[in-house]
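S.K.: mind looking at a prediction? Sequence and model below.
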Amino acid sequence: MGSAWSSVLADGTGRGRLDGRLIGLGITGSIAAYKTPELVRAFQAEGADVVCVMTSSATRFVSPLTLQALSRHAVETDVLSLLPDDRIGHIVVADTADAIVVAPATAHWLAAMASGLAGDSVTAACLATTAPVIVAPAMDGEMYAHPATQANVRRLATDYHYTIVEPERGPLASGQLAVGRLADIGRIVDTVVEAVQGRPVRAPDSALRPPAAPAVHDADLTDRHIVVTAGGTAEAIDPVRYIGNRSTGKMGVAVAEAAVDRGARVTLICGQTSVPLPSGAEIIRAESTAQMRAALLAEAVDQDGRAGFDALIMAAAVADFRPVKPAETKLSRGERLTLELESTPDLLAELSRIVGGRDSAGASTRRPLEPRPVLVGFAAETGSLDRAAEKLVRKGLDLLVANDVSEAGSGFGTDTNRVTIHRRDGDVIELPLLSKREVADRLLDLVARALYERGTDSHTGRESRETPAPEEIPG
């Protein structure tokens, strides 16, 4: 390993030679692609942000999921793919990266690049960029020595002014001992540092760069049954009008998606939503409070009398009031309309009583459900979150997620949320403004830990302590 990388790791200063820069790492289909996670770490040790671009054949040697987990960016594998904001993925890399490094570069890729054939994301990004391009070939020795390959290397160096990090002599996958082995990681990093030295950072504004991807989590909810509610409920005034709210369902859907990705069996009970629903979840439509109540009660208890789910995450915006007597036919337009409203039942409080074996007066009248599910509520407030702690205690919850919907970036319909999570033990976790998916994963970290601490292996109630404890969530 090169001395430069070693010294950065050793001195512990946290200052790297690539601080603030974005490096685009192009990966092609060579066996040497197995070294690319190490290369990502080496760039990060120098302070760089890294985004990976791959050819389709490269994905057979190293997983895009591995590189996404390390880089915290989605991996570009399709030249036609778009980012969530509809920008073209490889073009964003081309426009914002301070350097593009192709390592390993196969003979096929060298030939395509020398001919300007943009048939994959790596060549397309290189063709579209004005940043320095550094190429580190890796292949069989005879293949690298072939006149065609050498001609392509010369063309990239002389006509395109790409920097070539020549391969090294060593044992190859074919069994040969020849020149074709990917250059040392330290050499590649040193070459990139030299290429960008003295140049300004191309895109210091992170909003211009490829967006961060959600952290990849362990499958710590495998075999768990997680019930999530999402969206707003609609309370009928007449057959065509209703009382509703501004919930789009984004937060609840983000929780459901995150739970599916962590291995859970997810039941998503939906009110009115305006976002795509996760394909990996069982979807139950429940537009009114009464329908949502019926769906929740049906999920609460199994046929054997045990708890029907391991956790309930009540992210839906359930209407607090409904018309006492909805009209059976459409009401005619008039100068004014007076509606008599009544309170809707508090669904989460009712589920909490069922779980705890209590009646509506709070008296213990039956056995609590076992194993005891984790109960999570959401509180959308305006101006103050002072009532959140009291709500958690009054409803008998394990966690309550409170947010001020009047705050910019934290209301209904936004892609972000700033929340405060109250725990049963009195601990309070204040999170910064995050994407709703990141909020969902932070919340599920806490749910997974609560389930682990209860010592049950899924809602069957089997005792289990073999699974490592989830990581603590910093407060």
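M.R.: That came through, no problem.
S.K.: my guess is A114 meets Q150, correct?
M.R.: No - counting by C-beta atoms under 8 Å, A114 stays clear of Q150, with 10.9 Å between them. No exception for glycine: its C-beta is placed from N, CA and C like everyone else's.
S.K.: between the two, tell me which one has more neighbours.
M.R.: Applying other C-beta atoms under 10 Å to A114 and Q150 shows that A114 carries more neighbours, namely 20 against 12.
S.K.: so what touches stretch 109-122?
M.R.: Under the criterion C-beta atoms under 8 Å, 6 or more residues apart in numbering, residues 26-29, 53-56, 76-79, 81, 89-90, 102, 105, 123-124, 126-127, 135, 137, 148-149, 151-153, 155-156, 160 lie in contact with stretch 109-122.
S.K.: which among the residues you listed count as buried?
M.R.: 26-29, 53-55, 76-77, 79, 89-90, 102, 105, 123-124, 126, 135, 137, 149, 152-153, 155-156 (16 or more other C-beta atoms under 10 Å).
S.K.: which elements pack onto the helix or strand hosting V393?
M.R.: Element membership for V393 (DSSP states H and E) is helix 388-395. On a contact count with 3 or more C-beta pairs under 8 Å, 6 or more residues apart in numbering; DSSP states H and E, helix 388-395 meets helix 347-356, strand 374-381, strand 399-404, strand 419-423.
S.K.: and A111, that's in a helix?
M.R.: Yes - A111 sits within a helix when classified using DSSP: H, G, I helix; E, B strand; the rest coil.
S.K.: count the neighbours of it for me.
M.R.: Counted with other C-beta under 10 Å, A111 comes out at 15.
S.K.: one more: the one 4 residues further on?
M.R.: Residues within reach of S115, counting by other C-beta under 10 Å, total 11.
S.K.: now H161
M.R.: Neighbour tally, H161, other C-beta under 10 Å: 9.
S.K.: just the strands in the stretch 51-200 of the chain please.
M.R.: In the stretch 51-200 of the chain, the strands defined using DSSP state E, counting those that start in this stretch lie at 99-105, 133-137, 163-164, 168-171, 177-181.
S.K.: sorry, back to before: got the angle between the helix holding V393 and strand 374-381?
M.R.: Calculated by axes from the mean of the first three to the mean of the last three C-alpha atoms, to 10 degrees, helix 388-395 forms an angle of 140 degrees with strand 374-381.
S.K.: please enumerate the helices of the protein.
M.R.: Counting by DSSP state H, residue ranges of the helices within the chain are 3-11, 36-45, 64-71, 89-96, 107-114, 121-128, 141-145, 147-158, 185-196, 250-261, 289-300, 347-356, 388-395, 436-453.
S.K.: these: lowest mean pLDDT?
M.R.: Among the helices of the chain, helix 3-11 carries the lowest mean pLDDT, at a mean of 39.
S.K.: so who does G357 touch?
M.R.: G357 sits next to 364-369 when contact means C-beta under 8 Å, 6+ apart.
S.K.: let's see 10 Å
M.R.: For G357, the contact set (C-beta atoms under 10 Å, 6 or more residues apart in numbering) comprises 363-370.
S.K.: what's the answer for E76, then?
M.R.: 24, 26, 51-54, 64, 83, 88-93, 120-122, 124-125, 210.
S.K.: one more time with 7 Å
M.R.: Taking C-beta atoms under 7 Å, 6 or more residues apart in numbering as the criterion, E76 is in contact with 53, 89-90, 93, 121.
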